[in-house]
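In: Generate coordinates for the sequence data below:
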Amino acid sequence: MYLTAGVLLGLSVGVLPGLGGIAGLALILPFLYGIDPVSGLALMVGMIAVIPTSDTFSSVLMGIPGSSASQATVLDGFPLSKQGHAARALSAAFVSSLFGGVFGAVILTFFILIARPLILSFGLPEMLMITVLGLSMVAILSGRIPLKGVVAAGLGIMLGTIGSAPSGGSLRMSTFDTPYLIDGFQLVIVGLGIYAIPEIVSLLRRDRAISDKASLGDGWVQGLRDWWEHKWLSFRCAIIGVLVGVIPGLGGSVVDWLAYGSAVQTAKDRSKFGQGDIRGVIAPESSNNAKEGGGLVPTLIFGIPGSGSMAIFLGGLAMLNMTPGPQMIRNNLDVTYTIIWSLALANVLGAALCILLSRHIAKITTIRFTIIAPYLFMIIAFAAFQSRQSALDLAALVGIGIIGVFLRRFDFSRPAFLIGFVLSTQTEIFVNQVYQVAGARFRRSFEIGMDYLISPITVSLLVITIVSIVVGIKASRNIRENIEAPTAGKMAPAIFLGLVTAYLAISTYDASTVSRLQDRIFPLTIGLVTLGCSLLLCLRMLRTSATDEVFIDLEAGDEGQAPHGLWATLSWFLFLVVMTFAVGLFLALTVFLVAFFRKQGRFNWWRTLLGAAIGLGIIVGLAWVLGRDLPPGMLQSYTDLPWPLI
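Out: From the prediction side, this is the model:
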C-alpha cells in the first residue's frame, strides 16, 4: 500500500516540469515520523523509482525536460510527438524504463556484497576521466558546425563558473553586491530556461496543437516492438546507467547523455537522430532508471549519496532510525533487500500505470497549445522559485530563457550548452583535487606521480574518450535539433555571435584577475579556448557568403511565418515575471491568466474566468501540498496579506 502511494505520488510530481526527485522526497519526509520503517522505506523507494519514468511525459509531449535525467530524451522524443507518434515514443520509453529499473535492481541484488572494491577502485583521476568522457558527448551533439557546438559548450561551462570557486572561494563574475550570483545558477533554472522557454515560445507563436496530426499514431504495442527490436541497445545503456549510478557525484545529470552518445556511436544509420529516432528515446530512458539501482550502492554501502535525491533519501533513512553503511549490509541484510526489491516492484507498478495512461495523456498534444502554454509558464515559474526561494530565480529564468531562444534560433547546440553547464563545477573540483594530490606525489618522485595518474581504468577511459570524439565529429552533422537550415543575411547571426564573443572576452579577463591560481586556471583555460573558437567563427562569417550554414536563422524559415512574433510572444512571460516582482505570483497570475486568455487565446469572458480559476486552483493546491510559499513581490514587503497572497 505504501509503495503504491509512493508510486502515485511520484507520478504526480514527475509529470510537472522542473520538479524532480528532490522536491518529491522533500514532500514525503514530514510523513516519516513514527511510521513503520519498512513502510517508510517503501514510500520513499516508490517515489524514487517512478520519477525517472513519469518525467518522460513532459520531455516527449512538450519538449521540456521533466528533470535533469530526461534531457536527452527531448532530442528525439519531442520530434516524434510533433510527428503524431507521441504514444509510440511514450510506450517505448516506459518499457525501456521498466527494463532499466528491474535490471538495476537485479544487478544490485547480486553485487551488493562485492561492489565495495568497484567503488574503491575509482580514485580522483578516474572520476576526472569519467567527467571528461561526459564532456566528449559535445562532439556528438555539436550539430552542423562543430565550432558552434564547442562555443555552446564553452559558454555553458563559463556560466557554470559564475560565483564562488569551489576550491578557494574566489568570486568570479560576481560580487558581494549581488549575493544571488555568489552561489551560481541552479541546474533546474538553466534546464528550464534553455529548453522550456524556447519551446513554449515557439509552439505558442504557431497557435496550434503540438502534433500536426489529430491521430496519435501507432500506440504502445508499436513502442513495445521498437524496444524488442533494440533490446541490446537497451541492455547496454542499462549497464551504463548502473555503472554511472555506482560512482558518487555523477548521477542523473550525465547518464542520459552518455547513453545517448553510445546509441549514436554504435548506430549504422545516424541520419534520423535528433529528428525523431526511437533509439534516441530507448537509450536514455533505459539508463536513467538503471542509474537509481546503481546509485543505491554507494548510498547503502558507504552512506555516500550518489545524487541530490539520494542525499534526501539518506535523511529519510535517518528519520527511520537506520544508518546506512557496511554495518547495514552486515547486520540488516533483510532491510537492504527490502529496499532493492521495492525499487524493482515500484518500477513495474510505475511503468504499468504510465503505459495504461499514455494514450490518454498523449492526447494533450492534440489540444491547441494556447490553452496549455499559460499553465506551463505558471508551473515553471513556481518550479524555478523553489530552487532558492528567491524572486531573482525568476529573473535568472528569463535571462537564461532568452539565451536559449537565441541558441535555438541561430542553431547553436543547446544540449552541448547544457552538458557544459552540468559538468562545469564537478570538472573543476576534480581538476583541482587531482592537481593537489598529483603535485604532492610528483614532488616525491616522477614514477610515483605517474603511477597515480596512469592506471588501467584512466587509460581505458582516455581511449574511449578519444574514440568518442572521433566518432562524434563524424556523426555530428547528422545530429541536429533543426532539420531546415534557412538563412536571411549576416546581420542578426553576427550580432548574436558578437555578444557571445564579448561575454567570453569579459569573463576570461575576469578569470585572469583572480589572485588564487587554482581558482583562476580552470575558467581562464576554458575561456581562452572558447574565445578562440568564437573568433574563428567570426572569421568564417567575414569570409563566407550570407547563404553559408554559419548564418542559419530560423526566423528566415517557418518560424518567421508564424502568426505571432518572437518578442511579442516572449513578452507574455516577461509580463508575468515583472508583475510577480511587483505584487507576488498569485496576484500576478490572476492578471496574467485573464489577459492572456482574453487577448492571445481570444476566449469569451466565461471561458477566460474559468481558465484563470483552474490555473489559480492548480498553483495554490501545489503550493499547499508541497508546503511552499508562492513568490512574493514588493507589495508583500509593505502590506500584511493572508496566504496565498503573502
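In: Show me where the stretch 151-300 of the chain has its helices.
Out: Secondary structure of the stretch 151-300 of the chain (DSSP state H, counting those that start in this stretch): helices at 179-182, 187-191, 197-206, 220-229, 231-246, 252-266, 279-301.
In: er, the stretch 501-646 of the chain I mean
Out: 517-543, 566-583, 585-599, 605-626, 634-638.
In: Can you lay out the helices of the stretch 151-300 of the chain as a markdown table showing mean pLDDT and distance to residue 587?
Out: Every residue, glycine included, has its C-beta placed from N, CA and C. Below are the helices of the stretch 151-300 of the chain laid out as a markdown table (pLDDT from 0 to 100; distance: least, CB to CB, whole Å):
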| stretch | mean pLDDT | distance to residue 587 |
| --- | --- | --- |
| helix 179-182 | 86 | 23 |
| helix 187-191 | 80 | 23 |
| helix 197-206 | 82 | 22 |
| helix 220-229 | 83 | 43 |
| helix 231-246 | 84 | 43 |
| helix 252-266 | 75 | 35 |
| helix 279-301 | 78 | 38 |
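In: looking at the helices of the stretch 501-646 of the chain, which is buried most?
Out: helix 585-599 (a mean of 21; mean count of other CB atoms under 10 Å).
In: Show me what that one is packed against.
Out: helix 369-385, helix 566-583, helix 605-626 (3 or more CB pairs under 8 Å, 6 or more residues apart in numbering; DSSP states H and E).
In: Tell me what angle that helix forms with helix 197-206.
Out: 30 degrees (axes from the mean of the first three to the mean of the last three CA atoms, to 10 degrees).
In: pLDDT (mean, whole number) over helix 585-599?
Out: Mean pLDDT, helix 585-599: 91.
In: repeat for stretch 53-65
Out: pLDDT averaged over stretch 53-65 gives 76.
In: send the alpha carbons of it over as PDB?
Out: In PDB, the C-alpha atoms belonging to stretch 53-65 read as follows (Å, rounded to 0.1, in the frame of the first residue of the first chain):
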ATOM      1  CA  THR A  53       9.700   7.200 -15.700                       C
ATOM      2  CA  SER A  54       7.000   9.800 -15.300                       C
ATOM      3  CA  ASP A  55       9.200  12.800 -16.100                       C
ATOM      4  CA  THR A  56       9.200  11.400 -19.700                       C
ATOM      5  CA  PHE A  57       5.700  12.900 -20.300                       C
ATOM      6  CA  SER A  58       6.900  16.500 -20.400                       C
ATOM      7  CA  SER A  59      10.100  15.600 -22.200                       C
ATOM      8  CA  VAL A  60       8.200  13.900 -25.000                       C
ATOM      9  CA  LEU A  61       4.900  15.800 -25.100                       C
ATOM     10  CA  MET A  62       6.200  19.400 -24.600                       C
ATOM     11  CA  GLY A  63       9.900  19.300 -25.300                       C
ATOM     12  CA  ILE A  64      10.600  20.300 -21.700                       C
ATOM     13  CA  PRO A  65      12.900  18.100 -19.600                       C
END
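In: For residue 64, find the nearest of the helices of the stretch 501-646 of the chain.
Out: helix 566-583 (13.6 Å; CB to CB).
In: re the thing from before, can you check which of the helices of the stretch 501-646 of the chain gets nearest to residue 320?
Out: helix 605-626 (21.4 Å).
In: how near is the residue nearest to residue 634 when sequence neighbours are not counted to residue 632?
Out: Spatial nearest neighbour of residue 634, excluding adjacent residues (CB to CB, 6 or more residues apart in numbering): residue 582 at 5.6 Å. Distance, residue 582 to residue 632, using CB to CB, to the nearest Å: 10 Å.
In: do the same with residue 56
Out: Counting by CB to CB - residue 56 and residue 632 are separated by 33 Å.
In: okay, those two: which has more neighbours?
Out: More neighbours surround residue 56 than the other of residue 56 and residue 632, with 32 against 20 (other CB atoms under 10 Å).
In: what bits of the stretch 301-450 of the chain have low per-residue confidence?
Out: 301-312, 325-327, 329-330, 362, 365, 387 (pLDDT under 70).
In: try the stretch 51-200 of the chain
Out: For the stretch 51-200 of the chain, the ranges with pLDDT under 70 are 66-70, 112-122, 137, 139-143.
In: where exactly do the strands run in it?
Out: Here the stretch 51-200 of the chain has its strands, by DSSP state E, counting those that start in this stretch, at 163-164, 171-172.
In: Can you check which of those gets nearest to residue 604?
Out: Going by CB to CB, the one of these nearest residue 604 is strand 163-164, 48.4 Å.
In: The closest one pairs with which strands, and in what direction?
Out: Applying DSSP bridges, strand 163-164 is found paired with strand 171-172 (antiparallel).
In: which of the residues in the strand or helix carrying residue 342 are buried?
Out: Per DSSP states H and E, residue 342 falls inside helix 333-361. Using 16 or more other CB atoms under 10 Å as the test for burial, helix 333-361 gives 335-336, 338-347, 349-351, 353-355, 357-358, 361.
In: which residues does residue 559 contact?
Out: By CB atoms under 8 Å, 6 or more residues apart in numbering, residue 559 lies in contact with 202, 205, 409, 566.
In: For the third one, grab the count of nearby residues.
Out: What that stands for is residue 409. Applying other CB under 10 Å, we find 21 residues neighbouring residue 409.
In: State the distance from the residue nearest to residue 634 to residue 73.
Out: 37 Å.
In: same thing with residue 388?
Out: For residue 388, the distance to residue 73 - CB to CB - is 27 Å.
In: Check which helix or strand the closest residue to residue 185 other than its chain neighbours maps to.
Out: Closest residue to residue 185 apart from its sequence neighbours, by CB to CB, 6+ apart: residue 396 at 6.0 Å. Using DSSP H and E, residue 396 falls within helix 392-409.
In: Let me know the angle separating the helix or strand following that helix from helix 252-266.
Out: For helix 392-409, the succeeding helix or strand toward the C-terminus, using DSSP H and E, is helix 414-444. If you take the same axes, to 10 degrees, helix 414-444 sits at 100 degrees to helix 252-266.
In: helices or strands next to helix 414-444 in the packing?
Out: Using 3+ CB pairs under 8 Å, 6+ apart: helix 414-444 touches helix 124-135, helix 137-140, helix 146-160, helix 187-191, helix 252-266, helix 392-409, helix 446-453, helix 517-543.
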